[in-house]
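Asks: predicted model and sequence follow; I will ask about them next.
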Amino acid sequence: MIPDPVSGRPWLSGRWPRWAVRQVDTVALRVVLIGACALSERTLAEQVAHAAGRYAPSALARLPGSFLTFARTPYGTYAAADVAGLHRLHLAGGALTSYPTTGSTAVPDAVGVHLYDDGAWRHDPYWTPPRADTPATLTGPLLARRLRNAVLSRASMLGAAVDADDAARRLLDGHAVSLESPPHRLTLLPTGVESLIPSGRPARRRLSVTHRLGAARASARDALAEPDTGCPLHLPMLDAHVLHAALATRPSDLSRDRLRAEAARALPLPP
């Protein structure tokens, strides 16, 4: 639970491992990210300072990773769930929780919420899906690099050693990857691979951005419902930037499975 420094009321209730919480303070903002963010401490601090200078807390929700965003501003609190729907927020009586309660309503995907100190609140969409018009020769290497960074960000949280290239290849092929650093263990799941990178020759309607985004979010909700894999930190294939690279690929390249091939080609093989 993270207390609001002004009112003392919690931003979010629930149990989170300490290594999943990152906090950055500026004169104008106190920012807390809960989840996995691929940015270094220095780069994250620079992004927070930039967002504070423009008073644009929603820009923080678009950073690479999969996390909940909270920012205490001079006027209230800004909060946002992640693009892929791995982390959900629910609003009830001006308070936020990570799970539904009596009378609560879910904050829509890729939408932040401003909670003002006078009790008012408003939704604020912060992300829109990309156009699917980029060749796989461009999105494939980008997908590989972002997937590799997603793996590394989770490994760094645990202090675990990992061959990120090998892990990214296995996830692309639909296999789970385990990270261990006693006493912690994470299982990185390939959730969303078949939605984002369909194999074979699927019907053209299934290759639209809307359909694939909806299917990826549905797979995230299904995975989180499983008791053994319920931690949202386990789903790197659905990081916001990974998701964006996959969705931007033109349908003709998806139907020929070129995105997966180009992404795999960009990951070096072991010696």
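Replies: Nice, thanks for sending it over. Numbering: from 1, shown residues only.

Asks: so Leu44 lies in a helix, does it not?
Replies: Yes - under DSSP: H, G, I helix; E, B strand; the rest coil, Leu44 falls within a helix.

Asks: read off the pLDDT value for it.
Replies: Note for Leu44: predicted pLDDT of 92.

Asks: okay, now it: neighbour count?
Replies: 19 (other CB atoms under 10 Å). To be clear about C-beta, it is placed using only N, CA and C from the backbone, and glycine gets the same treatment.

Asks: start at 6, not 1
Replies: Sounds good: first residue 6 from here, last item Leu49.

Asks: next, the contact list for it, please.
Replies: 27, 29, 38, 42, 68 (CB atoms under 8 Å, 6 or more residues apart in numbering).

Asks: which stretches of the stretch 106-255 of the chain have low pLDDT?
Replies: Where the stretch 106-255 of the chain drops to pLDDT under 70, the residues are 205-210, 229-241.

Asks: any chance you could map the strands in the stretch 156-276 of the chain?
Replies: 182-186, 189-193 (DSSP state E, counting those that start in this stretch).

Asks: of all those, which one is nearest Thr144?
Replies: strand 189-193 (21.1 Å; CB to CB).

Asks: does Val214 touch Thr133 like I think?
Replies: No - the criterion here is CB atoms under 8 Å, and Val214 misses it with Thr133 at 9.9 Å.

Asks: pick out whichever of these two has more residues nearby.
Replies: Higher neighbour count among Val214 and Thr133: Val214, with 17 against 9, using other CB under 10 Å.

Asks: just the helices in the protein please.
Replies: 46-59, 141-163, 169-177, 198-201, 214-229, 245-252, 256-260, 263-270 (DSSP state H).
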